[in-house]
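Asker: here you go, sequence then predicted model.
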Amino acid sequence: SVRGKGKSPQKPICATKPLAITTAAEKNAASRATLLEDLARIRWENEVGGVTLPDGTTLPTDQATRVSLTGAVNSLANGMMTAPVAWKFPGGWADLTQAQIEAAAAAVVTHVQACFSAERAVQTQVEALPDPTGFDLQTAFTTALNASQ
């Protein structure tokens, strides 16, 4: 008997894909894009990570706290409420004067703005790098944040 009788010979399967060549410029652009995404995350984590007031009190800096502080400042300024204002901090309750509420709000907005300023400064650095490989994003952000405050 003849082997494979009645069967057509099988053709080898050759799947070819176009060869993808990545240039150094494309690699650097992709690396820069990843760094900028990571930078936005680092800024956000710092932005909502809280701030320590001059008296040592820690105050959250998340969106809800910022809205509450803005509301309290506006309500006090427009006579819609009077001080002292009961405020709950992570460490407990405090009765705050109008000046204390305004100082807390100023500390929070200053902190948030410093975070955005730091992100912008580091983004400028990242965009100027000929090769962003090995760039220490966290150190650059911390340095820029400290310079912004």
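Answerer: That came through, no problem.

Asker: buried stuff in the top helix by length along the chain?
Answerer: Taking DSSP state H as the assignment, the helix of the chain that covers the most residues is helix 98-128. Buried residues in helix 98-128, counted by 16 or more other Cβ atoms under 10 Å: 98, 100-102, 104-105, 107-108, 111-112, 114-115, 117-119, 121-123, 125-126. (Glycine included, C-beta is placed from N, CA and C.)

Asker: separation between Gln123 and Arg32?
Answerer: Gln123 is 10 Å from Arg32, where distance means Cβ to Cβ, to the nearest Å.

Asker: in terms of secondary structure, what does the longest helix of the chain contact?
Answerer: In terms of contacts (3 or more Cβ pairs under 8 Å, 6 or more residues apart in numbering; DSSP states H and E), helix 98-128 is packed against helix 24-47, strand 51-52, strand 58-59, helix 63-77, strand 85-89, helix 137-148.

Asker: out of these, flag the one nearest Pro130.
Answerer: Taking Cβ to Cβ, helix 24-47 is the member of these nearest to Pro130, at 7.4 Å.

Asker: I'd like the average pLDDT over the closest one.
Answerer: Helix 24-47 carries an average pLDDT of 94.
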